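Visitor: sequence isn't available, so here's the structure alone:
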């Protein structure tokens, strides 16, 4: 498609801007394909035969099935600034994209910064040589400046008066410089190690230390058991990272409208959806292989964890209160898996205590998320069933379930079973007021807007909670070994 708002040039050398990877950090076609794969897999399969008719036909079919929300797209500020400068100077600005014209029109209409647009149609894939031919026909040889980002743009850069690259690889930049006498690399800030660490949620691995809980609670301090627990930790961490990637892919558009989640690597376009999907599959294979090698029951538990988490990502998190139960179960399954991995039988007391603690943490997590949206003046999330007026009841439920955990702990201390593991069980009563303090403090910190989205990760980083945890361990050690 080729649309110009004026037939004569108001100024020589208009600025032409590529869309995918240039004006925006992401690729609309790739994201549309992944969205279709996850949400409408049958339609995705039915669209695949269109590839036999060419890329243009395939892009047209995908564009008819999936329409992106262009408001929250990760627009590159350096390119927006370049466009603004060109417009101030009286230059015309055009959008030229290999994406389908439906996508190009939506972006151009939203920004309102373009004098015209060139895009892929049902008959023509406007990429590489095709794009170069269209632009040369419209503006002449060396009659335009061009902003691109990939090797497909080399064919366009060689016909441009001035070439701009942004987010391009070192090899692509060298190719641009070899074909364009006048070129410039626009600035971007991206640390690949930091980006992937953030995408994989490495800091969330702290939650997987729960697989060590059966070993510690049963006083099974053995190197073989410790090694098995470590393997379980790695398997859970790999699987959890894969699930986080899947969850981010499913929630891509909603995350881009969230005040903090829009900075996640996938939402910000710092990682391509195809790359993320490939890494997610590899991590699933790694986690599965370790689980099968460790113990059959552990492997089944990890499989159930993956199935439940995937179900949560796709639809259970939209079910009010059911999502709380699921989150608590996901925490609990780490403890159960730790028992299967090490061959340690779990007590009902431990499981009961953990259920209430984890339910309280899940409720605090939801409470924190609602507070963030309330403070930012945002409407209710499209992928959640909660409303802002639910805050008081969620906070009350978090307090109630947390206090129930203290009650279960007290009943365990008073039970005959405790004397089998502890020489002086009376010391354990010191853990009850300590737990009461820690749970109450977590609620207070959440209410003051001083907590991260995930309360368990916050607790592991918080100095007061770490001191409280050390005191808890010290009391247990005194009761067991003094």
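Guide: That came in fine, so what should we check first? Note that the structure is a prediction, hence the values are computed from the model and not measured.

Visitor: from residue 151, how far out is residue 120?
Guide: Counting by Cβ to Cβ, to the nearest Å, the gap from residue 120 to residue 151 is 18 Å. In short, each C-beta sits where N, CA and C put it, glycine included.

Visitor: neighbour-wise, which of these two wins?
Guide: Neighbours around residue 120 and residue 151, counted as other Cβ atoms under 10 Å, are more numerous at residue 120. The numbers are 26 against 14.

Visitor: contacts only, for that one.
Guide: By Cβ atoms under 8 Å, 6 or more residues apart in numbering, the contact set of residue 120 is 1, 55-56, 59-60, 97-101, 104, 126-127.

Visitor: ok, and the closest non-adjacent residue to it?
Guide: Nearest non-adjacent residue to residue 120, counting by Cβ to Cβ, 6 or more residues apart in numbering: residue 126, 4.6 Å away.

Visitor: equivalent analysis for residue 183, please.
Guide: Residue 183 sits nearest to residue 163 (Cβ to Cβ, 6+ apart), 4.2 Å away.

Visitor: go on, residue 404?
Guide: Nearest to residue 404 is residue 356, by Cβ to Cβ, 6+ apart, at 4.4 Å.

Visitor: the helix or strand hosting the one you found packs against which elements?
Guide: Residue 356 is part of helix 348-376, with elements assigned from DSSP states H and E. Contact partners of helix 348-376 among helices and strands, from 3 or more Cβ pairs under 8 Å, 6 or more residues apart in numbering; DSSP states H and E: helix 213-217, helix 322-342, helix 391-413, helix 431-447, helix 455-461.

Visitor: residue contacts, the residue nearest to residue 437 when sequence neighbours are not counted?
Guide: Counting by Cβ to Cβ, 6+ apart, residue 437 lies nearest to residue 468, which is 6.9 Å off, once chain neighbours are set aside. Contact analysis of residue 468 by Cβ under 8 Å, 6+ apart lists 434, 437, 438.

Visitor: ok, and what's touching the one helix or strand the residue nearest to residue 183 maps to?
Guide: Residue 163 is part of strand 162-165 when elements are defined by DSSP H and E. Under the criterion Cβ under 8 Å, 6+ apart, residues 13, 82, 145-149, 153, 157, 172-173, 176, 179-180, 182-186 lie in contact with strand 162-165.

Visitor: strands paired with the host helix or strand of residue 147, and their directions?
Guide: Taking DSSP H and E as the definition, residue 147 sits inside strand 145-148. Using DSSP bridges, strand 145-148 pairs in its sheet with strand 15-17 (parallel), strand 162-165 (parallel).

Visitor: chain center to the longest strand anywhere in the chain: distance?
Guide: As assigned by DSSP state E, the longest strand anywhere in the chain is strand 93-100. Distance, stretch centre to chain centre, for strand 93-100: 28 Å (Cα atoms, centre = their mean, to the nearest Å).

Visitor: and that strand, what's buried?
Guide: Across strand 93-100, burial judged by 16 or more other Cβ atoms under 10 Å covers 93, 94, 95, 96, 97, 98, 99, 100.

Visitor: isn't the second one up against residue 18?
Guide: Same thing as residue 94. No - between residue 94 and residue 18 there is no contact, the gap being 10.5 Å when judged by Cβ atoms under 8 Å.

Visitor: from the contacts of residue 468, which is closest to residue 137?
Guide: Within the contacts of residue 468, the smallest distance to residue 137 is 69.9 Å, found for residue 438 (Cβ to Cβ).

Visitor: about what we covered before: how about TSV for the buried residues of strand 93-100, with distance to residue 38 and pLDDT added?
Guide: As requested, the buried residues of strand 93-100 are arranged in TSV below (distance: Cβ to Cβ, whole Å; pLDDT from 0 to 100):
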residue	distance to residue 38	pLDDT
93	35	97
94	34	98
95	28	98
96	30	97
97	24	97
98	23	96
99	20	96
100	20	97
